[in-house]
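In: Let's see this in three dimensions:
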Amino acid sequence: MSEFVHTSVQHRTACIVLDRPKALNSLSLAMVRQLAAALLAWRDDAGVDAVVIKSSSEKAFCAGGDIRFFYDAGRATPLAGSALLEDFFSEEYALNHLIHFYPKPYVALLDGVVMGGGMGVAQAGPASRVRVVSERTKMAMPEVNIGLFPDVGGSYFLSRAPDRLGLYLSLTGLTIGAADALHAGLADHFVPQAQMAALTALIAATPGALLPAAIAAFAAPFKAEAGASALRQEAAALARHFGADSVAGIVASLEGDASPFAQKTLAAMAQRSPLMMSVTFELLRRGAALGVADCLRMERTVVRHNFAHGEVIEGVRALVIDKDNAPRWSPPTLAEVTPQMVAGFFAPVWPAHAHPLRELE
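Out: Numbering: from 1, shown residues only. Model prediction:
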């Protein structure tokens, strides 16, 4: 395919290897297009029974989209980014939809960093997904940290996580490990890193149609090794604090709780974009009542408004370009975020018949 995406087929199983280790497999537009082309070809190929996606690197499965590209393209003219930026999000979200509804088993080996866009190519729908994590898995939806929001279908899969976990992960951007990923319904099986080579050998030797059962049986003895979910133990606190009816309400609730969990959560949220936390809260509220296609269409609208506003450009500047870690959020405080500001991010950009994701079903 390319220097960053490698494909092969063996024993009726198609394999994708993400191989951009220096960038932690961050997705470029070319990579998105190559992934979509391969998956579309295999979808209707009678010689392929399953798909496996993994990384060539022990450090990361996929750290997300290429945010340096976002920064450069988002600063270009016309307003709201260049044509390539528009293409990236339209095609990435279409890829997320393709993966969610993939008709064949879709196995994602989520060893290492799995964040943002990496979650989008990991979270297939319930009919096909087999998501394997290890003790090295570091999973997050950290978009609010750079002035963005949890996209790539996050409004769908995060709004359906138990114990208000989706909202917690979205508003804090904090990283979780294997046990919490399993508890949140964002992973299916735990396999220790020391057994990953054996799992890879099993996959290579197993006919595609038999892979889900074979992987489940292989992983079963290691279930307890994932450890206890710390977030499961905080279920009551999550329900109390993140059950509030606004981000300001969540913050006020956390401020009244001196526990280490509440204070760590509060400290994380204090660093995030007040506007995009508020937009994210509304995004998940709406997403809970929508199907996958409508969630992705909503996200596509919100991302256009986000780049037009410039919040993500400032976030990437502060954390990645200048690295001063001092983003100048607009507005700078939650108290200055108005309902009208938030509503503006959901205002239609295109008529329904012209929406770039209008054909998603």
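In: can you give me the strands for this protein?
Out: Assigned by DSSP state E, the chain shows strands spanning 5-10, 13-18, 50-55, 60-62, 106-110, 113-115, 129-133, 138-140, 189-190.
In: Let's have those in a markdown table, adding mean neighbour count, distance to R328 and mean pLDDT.
Out: Heads up, the C-betas are built off the backbone N, CA and C, glycines and all. Output for those, formatted as a markdown table (neighbours: other C-beta atoms under 10 Å; distance: least, C-beta to C-beta, whole Å; pLDDT from 0 to 100):
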| stretch | mean neighbour count | distance to R328 | mean pLDDT |
| --- | --- | --- | --- |
| strand 5-10 | 16 | 37 | 95 |
| strand 13-18 | 22 | 34 | 97 |
| strand 50-55 | 24 | 35 | 98 |
| strand 60-62 | 27 | 29 | 97 |
| strand 106-110 | 26 | 34 | 98 |
| strand 113-115 | 26 | 24 | 97 |
| strand 129-133 | 24 | 36 | 97 |
| strand 138-140 | 22 | 23 | 98 |
| strand 189-190 | 23 | 41 | 98 |
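In: what residue ranges in the stretch 151-300 of the chain score low on pLDDT?
Out: By pLDDT under 70, the stretch 151-300 of the chain has no low-scoring segment.
In: Repeat that for the stretch 1-150 of the chain.
Out: In the stretch 1-150 of the chain, residues with pLDDT under 70: 1-2, 77-81.
In: for it, what spans make up the helices?
Out: Assigned by DSSP state H, counting those that start in this stretch, the stretch 1-150 of the chain shows helices spanning 29-43, 67-74, 83-100, 117-120.
In: among these, which is the most enclosed?
Out: Scoring the helices of the stretch 1-150 of the chain by mean neighbour count under mean count of other C-beta atoms under 10 Å gives helix 117-120 as the most buried, with a mean of 27.
In: send the alpha carbons of it over as CSV?
Out: Extracted as CSV, the C-alpha positions of helix 117-120 are listed here (Å, rounded to 0.1, in the frame of the first residue of the first chain):
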residue,chain,number,x,y,z
GLY,A,117,-8.3,8.8,15.7
GLY,A,118,-6.8,5.6,16.9
MET,A,119,-9.9,4.9,18.8
GLY,A,120,-11.9,5.6,15.7
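In: what packs against that helix?
Out: The helices and strands touching helix 117-120, judged by 3 or more C-beta pairs under 8 Å, 6 or more residues apart in numbering; DSSP states H and E, are strand 60-62, helix 83-100, helix 154-157.
In: Off-centre distance for the longest one?
Out: Relative to the mean C-alpha coordinate of its chain, helix 83-100 is positioned 13 Å out (C-alpha atoms, centre = their mean, to the nearest Å).
In: What lies in contact with that helix?
Out: Contacts to helix 83-100, defined as C-beta atoms under 8 Å, 6 or more residues apart in numbering, come from residues 27, 29, 32-33, 35-36, 39-40, 43, 65, 69-70, 73-74, 76, 80, 106, 117, 120-121, 123-125, 151-153, 156, 292-293, 296, 299-300, 303-304, 307, 356-357, 360.
In: can you redo the helices of the stretch 1-150 of the chain as JSON lines with distance to A216?
Out: Output for those, formatted as JSON lines (distance: least, C-beta to C-beta, whole Å):
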{"stretch": "helix 29-43", "distance to A216": "22"}
{"stretch": "helix 67-74", "distance to A216": "35"}
{"stretch": "helix 83-100", "distance to A216": "20"}
{"stretch": "helix 117-120", "distance to A216": "22"}
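In: if I pick S82, what's in contact with it?
Out: With contact taken as C-beta under 8 Å, 6+ apart, S82 is in contact with A73, G74, A76.
In: Closest one to I203 out of those residues, please.
Out: Using C-beta to C-beta, A73 comes nearest to I203 of these, at 36.6 Å.
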